[in-house]
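Visitor: give me the fold of what follows.
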Amino acid sequence: MTDEQKPFDQGLSAEIERLRFRLQAARIGTWDFNPASQLFYGNRRCQELFGFLGTETVSLPHVFEHVHPDDRKRVDEFIQHMLTAPSDELVEIQFRVSDTSNPSSRWLQCAGKAYVDQQGAPLRLSGIVQDITAEVQQRENLATSERLNQLATEVTDVATFQLRLADGHLVYQPQLARILTGQENRQFDQHTLVNFIHPDDRPIRDRAYADGLRTGKIRFEVRFIWADESVHWIRIQGIYINDASGQPQEVVGLVLDVTEQILTRQRLEDSEARMRSIVESAPFPIGVYVGRQMQIQLANQSIKDVFGKGDDVIGKLYPELLPELAGQEIFEQLDSVYTTGIPFHAKTQRVNIMVDGKLQPYYFNYSFTPLYDASGKIYGVMNSAAELTDLVLAKQQVEKTEASLRGAIELAELATWSLDVKTGIFSYSARFMDWLGFSEATKSMDEAYNPLPDEYRQSVADAIAAVIQPGSSGVYRNEHPIINRLTGQVRIISAQAQVFYDDAGEPITLTGTAQDITVQRQLQIALEHQVQERTEELEAANEELASINEELAATNEEYAATNEELEEANQLFSRSNDNLQRFAYVASHDLQEPLRKVQQFGDLLKSQYAAQLGDGIGYLERMQAAASRMSNLIKDLLSFSRISTRQDASSLVSLNSVLNNVISDLDLRILETGALVTVDPLPRIQGDKSQLEQLFQNLLSNALKFRQPNVAPLILVSTRMVPANELPPSVKPTRQTPNYHQIDVSDNGIGFDEKYVDRIFQVFQRLHSKSEFAGTGIGLAICEKVVANHGGAITAHSKPGQGATFSLYFPV
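Guide: Coordinates of the predicted model:
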């Protein structure tokens, strides 16, 4: 409640008390009805009029028991009309009641209106009731008007009027003239009265009367200008009285001076606007939340920025806007303040808020303060805060830096010291005290120089005095010995320090570190001695080198002769390779040709003379199979020979491209066996593409061949980088390099016993009979030769029935 509002509320309470007294004096009852509970409350006069004296609160059906049976329907319609009528509409009814103590009926008049919540739903119906039996008996309509006039004149600044529409005749009391013009004896009629209305408000009056012809009621507020030019707000409210034909005949109503109410309301609005402006422009977060649900009624830009939910937050519920605060005790603190009225204050509190989809930590000093309405009831909570995030993070960083610095100082075995320039007092760390033999952490300047040898005291004192003088660099560096006052131990220290100044530029402290460099200096002396010795030794060695150079010259002549021999050997090796190539051609042509003839004639015999051969057909088929194996053996030997004599590693080869070609060549066998081949992204290596394709074709062919019965082959080709020091002991690459590409070819085939792992890479070595699996026993030997040609190595891991993995290692 503002200071401006308190006098108004106190005056209003007094006015209500005077009104209650006048109502009692006028023997007017008051009533209140709660639609939710269906309970009817009446004061003592109301109880007397209805006939249930002594019962303050009764149910609505009990009230209807006292209403005349013929009027109950109208009374029910009266209640229903109030529930649906606009909140500012005054509803009236006249009806009869039957009192058991009085057989005759009594006429009552009720006037009331509905009070609604913010959504327009009726909360309660309230009004007055009075006995109009005598007036009804005399002149019912006139009695009602006179009774209203009597009630109105008893209220301060209220007057009645009666306007005859036919001739514009206006009937009013002197009090009405005072309210409208400031002069009780002022005379006016309907037309001249308009001159007292503020020119800007006259259209309001005209619209109200025009609407009244349609609705039967008028209600408006306009400004009247008195003779002394003062301005007053007047509320005019009335109803149209119709004649027997239903045509408007006159208007009767009330005039109320509401100047103080309007001005008070304007002052409150201005005050609220000023307060809102202050809140909005405040550099720190402020928010107002109303109701137990904490609906956001006010939020300045600072708190919106903290929320991080955009500017459209007014009207939203605080828990729904910031659900991430659940579990952080914020909601519980708000509810406690709303319930108990005890403010809550937090210092350097961490609050995690979701901003841009990420939960981020913030730090605040914040307060929750209860807000009270005019009746002293808590209606909301004000949230004020000061964001400390940057300060807290900076403090944490400083603490972290200090901890790191302490750790670094401790790790470097440094001592720390400082000099208060004004007092001349030195302060030492525990390590420095131990070096100096001091038992106290502070010493005066004279005492501080005592551990120095006599020849160093003055130079150290002069250096410190110079660095704290104006115009100096402010940086102190010195190296000198110190003597422990207790043990006599001598140390050599390297001291460094920095001068710190106040705002006026005057030196405050000299703060620095000291390092024990005794060992370094001793080592330096020893090293210098060793350098001298080594210099002498080097001179002697140079003489020996001169002699050795002469010997090397003779050796170089021998190397030249050796190089000539190597050149001759290379030529012989080249001729040997040429001869081997020619042999390969001869083997390819001359050895294969007889086999092809044998196979061709065998096929001819089988196709044309199979019937005459009888049992001999079996021998013929065995001969054909042997010839086929011989042909395959010759082909594999030729392949092995070519790989041994040809190696072209001059191009960069994509292993994924190699695998794609191999899989394309084997697609029919892959389809027949139902195999699934998975190839991870593989590296590019320097090598011979055709040899690499033969390598992987042999490995994948073996994986397809040595499969388990009735099981579809699963083949995985994967890779990883392996440092040289992590290679298996059995792997010996032909070229040394820091890292190797490990290419694994794994299958789910029949596998083999690892004790045969060295045997399988030898020529003509087989682990299964020819009847079980076809082959020459050369395929893996070719694989081993290809990998060796590329500077790598090959090995395998397997268990019977659990598949096999062949690991290839290529230099990176």
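
Visitor: just the helices in the stretch 301-450 of the chain please.
Guide: Under the criterion DSSP state H, counting those that start in this stretch, the stretch 301-450 of the chain carries helices at the ranges 301-307, 318-321, 330-340, 389-411, 430-436, 445-448.

Visitor: weakest of those in terms of mean pLDDT?
Guide: Note on the helices of the stretch 301-450 of the chain: lowest mean pLDDT is at helix 389-411, with a mean of 73.

Visitor: pull up the per-residue confidence for the residue in the chain sticking out farthest from the centre.
Guide: No residue in the chain sits farther from the centre than residue 612, which is 90.5 Å out by CA atoms, centre = their mean. You'll see residue 612 listed with a pLDDT of 75.

Visitor: what do you get for residue 6?
Guide: Predicted confidence (pLDDT) for residue 6: 54.

Visitor: what about residue 231, distance to residue 329?
Guide: Residue 231 is 54 Å from residue 329, where distance means CB to CB, to the nearest Å. From N, CA and C alone the C-beta is placed, and that goes for glycine too.

Visitor: who's more crowded, these two?
Guide: residue 329 (14 against 11; other CB atoms under 10 Å).

Visitor: how about the host helix or strand of the residue farthest from the centre of the chain as CSV, C-alpha atoms only?
Guide: Per DSSP states H and E, residue 612 falls inside helix 610-613. Taking Å, rounded to 0.1, in the frame of the first residue of the first chain, the C-alpha atoms of helix 610-613 are listed here in CSV:
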residue,chain,number,x,y,z
ALA,A,610,31.8,-92.6,-72.4
ALA,A,611,29.5,-95.6,-73.1
GLN,A,612,32.4,-97.7,-74.5
LEU,A,613,34.7,-96.9,-71.6
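
Visitor: any idea how far that helix is from the chain center?
Guide: 88 Å (CA atoms, centre = their mean, to the nearest Å).

Visitor: for stretch 270-285, same thing?
Guide: 30 Å.

Visitor: tell me the buried residues in that stretch?
Guide: Neighbour counts using 16 or more other CB atoms under 10 Å place 279, 285 of stretch 270-285 among the buried residues.

Visitor: likewise for stretch 365-372?
Guide: For stretch 365-372, using 16+ other CB under 10 Å, the buried residues are 366-371.

Visitor: strands - which of the residues you listed land there?
Guide: Judged by DSSP state E, strands contain the following of the buried residues of stretch 365-372: 366-371.

Visitor: closest to residue 552 among those residues?
Guide: residue 366 (85.7 Å; CB to CB).

Visitor: what segments of the stretch 1-150 of the chain are strands?
Guide: 29-34, 39-42, 57-59, 91-99, 102-116, 122-131 (DSSP state E, counting those that start in this stretch).

Visitor: same check, this time on the stretch 601-750 of the chain
Guide: 651-654, 676-679, 684-687, 714-723, 739-746.

Visitor: for residue 38, which of those strands is the nearest?
Guide: It is, among these and with distance given as CB to CB, strand 676-679, at 77.6 Å.

Visitor: now what about the closest one, what contacts it?
Guide: Applying CB atoms under 8 Å, 6 or more residues apart in numbering, the external contacts of strand 676-679 come out as 656, 659, 663, 670, 700, 712-717.
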